[in-house]
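> whatever this is, show me its structure:
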Amino acid sequence: MDAKVALGLAFLVTIPALAVMAAGRAGLTNFVRWHRLDLPDEWGAPVTRYLSQARRSRIWGMAAGMVLPLLWLLPQQRIAVDFLAMSAGWLLGGMLAEFRLFRSGAALKPPHPLPRWLRATPAVAAVLTVPVTVLCVLADPGDPIVVAAWGLAALTACAVVAGTVRHVARRPSLQGAPVEVDRAIRDRAAAGLTAFGVLVTVQCLLRQADLLTPRLTGATQDVVTEAGWLWVFGGLLLALSVWWATPPVRRGPVPAVLGLMLVAATAGWVGAGVARDTPPYGPEAVQATARLRLATSQTHQADAAALKMAWADRGWTGGNDIVQLLGRVDLTLPPQRSPDDRHQVFVVDTRTNTTVTVYGQYGAGWDGYLYELADRYPWLSALRPGGTTHEQPMAVDATTEDPASITFSNDFGRASAPQLSDLAVVLVFTGPQQQIYWATRVPIALT
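Alright, predicted model coming up:
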């Protein structure tokens, strides 16, 4: 099952269930049992009224978060459920309920002592949001302003939660309610607001990852995607653990431990992916050199022998109007080379800034991710789709029999054949997870 579909199902099941917990007589019973209260019957009515009004405000906020994006998408003939908007609507509804239901009365002095971990949660979420946003912007997401905007949205959610929780600790008491009941109401409200603040913050950061992932390559792209799935479920679990830790239940360490585990797992996993994308060696380590020859019907056999290309010496069939490009790239393979890494060669005609279709002993091929070379190396603009190259480029790999050399050939019409000095031989070093470690122009020995 797709991770986001699973999150949607979990969201649709969990959130209404939590909302129903605060409804009517059943909600009051759950509230009393959860907080271990001995609530006389005469105090049941004001508590039920508060729980119902707060629940109603949250549900309306969540409904608005579902409907408003639909109204925006319908003119585009699209339908989607935005779980971030629904979570934010629930959070805003809860905030409005706390400020609206307690507009009059004397502020509580001293403030209600909420658990320290609960008061610190919005600040911790904000502290984590800042470096994550900075890293996403520095990773060249394509649209850094949008990424920064999602980071600002996460910080805004943290600020809203912190301000509302502070208000909950200081607002007037529920009229006529015993002290222990009033404290339980404050604890419940603060935990619910903080839980949804965590959920909104996590979803904002996931939007940043969604923008960044298509710009990544290799193992880094894979691990960032996997880390996103981790936070899809981990963020929901973290929010629920905050809610379930409502006093008097002493579960404060649970959200802290879970949060630390999620952060540590993400940092380690993404760090391992970045390490796998780090080149084991640079182009200077292979000391690549290229030799090229333009063979005719008279010189073909000797040229193929000089370049040790026995596979290319299969008889001349091109006639006098054809010249054949024969090429050989010799490499010095470093000892740290992995057998899963690949060295590939392709050729560019600098006269027209187009690629030359070359073939090796076992043919040639082209991996789509190699088009990214045009973005990383401006001098390889010939690879840009829709550019000057109209045919698909071809690259030749080193063979397993001789991994330290790459040989290739191509036929030209004599009238259109380039000079050897017009050709650029490019060596690309790639990894097993579509990592493009580097590309370099190989020096050519003209013979």
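> measure stretch 295-309 end to end?
Length of stretch 295-309, first residue to last, Cα to Cα, to the nearest Å: 12 Å.
> oh, that last question was meant for stretch 345-357, not what I typed.
By Cα to Cα, one end of stretch 345-357 lies 11 Å from the other end.
> got the buried residues for that stretch?
By 16 or more other Cβ atoms under 10 Å, the buried positions in stretch 345-357 come out as 345, 346, 347, 348, 349, 353, 354, 355, 356, 357. The C-beta positions use only the backbone N, C-alpha and C, and glycine is treated the same way.
> centre-most residue in the protein?
Nearest to the geometric centre of the chain sits residue 209, at 3.3 Å (Cα atoms, centre = their mean).
> pretty sure that residue sits against residue 229.
No: counting by Cβ atoms under 8 Å, residue 209 sits too far from residue 229 to count as a contact (10.0 Å).
> follow-up on the earlier one: now, the most widely separated pair of the buried residues of stretch 345-357?
Farthest-apart pair in these is 345 and 353; separation 18.0 Å (Cβ to Cβ).
> now residue 279. Its backbone dihedrals?
The phi and psi values for residue 279, taken as degrees, to the nearest 10, are phi -60, psi 130.
> need the buried residues of stretch 345-357 in a markdown table (columns: pLDDT and distance to residue 216).
Shown next, in a markdown table, are the buried residues of stretch 345-357 (pLDDT from 0 to 100; distance: Cβ to Cβ, whole Å):
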| residue | pLDDT | distance to residue 216 |
| --- | --- | --- |
| 345 | 94 | 26 |
| 346 | 93 | 24 |
| 347 | 93 | 29 |
| 348 | 93 | 26 |
| 349 | 91 | 31 |
| 353 | 89 | 28 |
| 354 | 89 | 29 |
| 355 | 89 | 25 |
| 356 | 89 | 30 |
| 357 | 88 | 30 |
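> from these, which is closest to residue 118?
Comparing the buried residues of stretch 345-357 against residue 118 with Cβ to Cβ places residue 346 closest, at 59.3 Å.
> the residue of the chain most remote from its centre: which element?
Relative to the centre of the chain, the most outlying C-alpha is that of residue 298, 57.6 Å out, by Cα atoms, centre = their mean. For residue 298, there is no enclosing helix or strand under DSSP states H and E.
> for the one 10 residues further on, same thing?
Secondary-structure assignment from DSSP H and E places residue 308 in no helical or strand segment.
> that one: neighbouring residues, count only.
Residue crowding around residue 308 was assessed by other Cβ atoms under 10 Å; the count is 14.
> now the strands: where do they sit in this structure?
In the chain, the strands defined using DSSP state E lie at 289-295, 322-330, 342-349, 354-356, 396-397, 405-413, 423-430, 436-442, 444-446.
> and the first one, what other elements does it pack with?
I take that to be strand 289-295. If contacts are counted by 3 or more Cβ pairs under 8 Å, 6 or more residues apart in numbering; DSSP states H and E, strand 289-295 sits against helix 300-306, strand 322-330, strand 423-430, strand 444-446.
> so what are the sheet partners of that strand and their directions?
Applying DSSP bridges to the sheet, strand 289-295 is found paired with strand 322-330 (antiparallel), strand 444-446 (parallel).
> what lies in contact with that strand?
Applying Cβ atoms under 8 Å, 6 or more residues apart in numbering, the external contacts of strand 289-295 come out as 299, 303-304, 306-307, 323-330, 412, 417, 420, 423, 425, 442-447.
> equivalent analysis for the fifth one, please.
Contacts of strand 396-397 from elsewhere in the structure, counted by Cβ under 8 Å, 6+ apart, are 342-346, 358-360, 364-365, 406-408.
> at 10 Å what do you get?
327, 329, 342-347, 358-365, 403, 406-409, 428, 430 (Cβ atoms under 10 Å, 6 or more residues apart in numbering).
> emit the PyMOL select command for whichever of those are buried.
Buried subset of those, written as a PyMOL selection, criterion 16+ other Cβ under 10 Å:
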select buried, resi 327+329+342+343+344+345+346+347+358+359+360+361+364+403+406+407+408+409+428+430
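> now render the helices and strands packed on strand 289-295 as JSON lines, adding mean pLDDT and distance to residue 152.
Output for the helices and strands packed on strand 289-295, formatted as JSON lines (pLDDT from 0 to 100; distance: least, Cβ to Cβ, whole Å):
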{"stretch": "helix 300-306", "mean pLDDT": "85", "distance to residue 152": "64"}
{"stretch": "strand 322-330", "mean pLDDT": "89", "distance to residue 152": "50"}
{"stretch": "strand 423-430", "mean pLDDT": "93", "distance to residue 152": "38"}
{"stretch": "strand 444-446", "mean pLDDT": "77", "distance to residue 152": "52"}
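> and these: which comes nearest residue 96?
Comparison of the helices and strands packed on strand 289-295 against residue 96 by Cβ to Cβ identifies strand 423-430 as nearest, at 54.6 Å.
> how far does that closest one sit from the chain's center?
30 Å (Cα atoms, centre = their mean, to the nearest Å).
> just checking: what are the partner strands of it?
In the sheet, strand 423-430 lines up with strand 342-349 (antiparallel), strand 436-442 (antiparallel) (DSSP bridges).
> next one: the first one to chain centre, how far?
Looking back up the chat, that one is strand 342-349. 31 Å.
> quick check: angle from it to strand 405-413?
Going by axes from the mean of the first three to the mean of the last three Cα atoms, to 10 degrees, strand 342-349 is angled at 30 degrees with respect to strand 405-413.
> please enumerate the helices of the stretch 151-300 of the chain.
179-212, 218-244, 253-276, 300-306 (DSSP state H, counting those that start in this stretch).
> and the second one, what does it pack onto?
For helix 218-244, the contact count by 3 or more Cβ pairs under 10 Å, 6 or more residues apart in numbering; DSSP states H and E identifies helix 3-20, helix 83-101, helix 116-138, helix 179-212, helix 253-276 as packing neighbours.
> now the weakest link among these, please, by mean pLDDT.
Among the helices and strands packed on helix 218-244, helix 3-20 carries the lowest mean pLDDT, a mean of 52.
> spatially, what comes nearest to residue 403 if we skip its sequence neighbours?
residue 333 (6.4 Å; Cβ to Cβ, 6 or more residues apart in numbering).
> could you verify my assumption that the one you found touches residue 429?
No: counting by Cβ atoms under 10 Å, residue 333 does not reach residue 429; the two are 11.1 Å apart.
> who touches both of the two?
281, 285, 286, 341, 343.
> residue 55: which of these is nearest?
residue 341 (58.7 Å).
> the closest one: what's its closest spatial neighbour, skipping adjacent residues?
Nearest one to residue 341, counting by Cβ to Cβ, 6+ apart, is residue 431 at 5.6 Å.
> tell me the phi and psi of the one you found?
According to degrees, to the nearest 10, residue 431 has phi -110, psi 180.
> swap in residue 278?
Dihedral angles for residue 278 - degrees, to the nearest 10 - are phi -80, psi 130.
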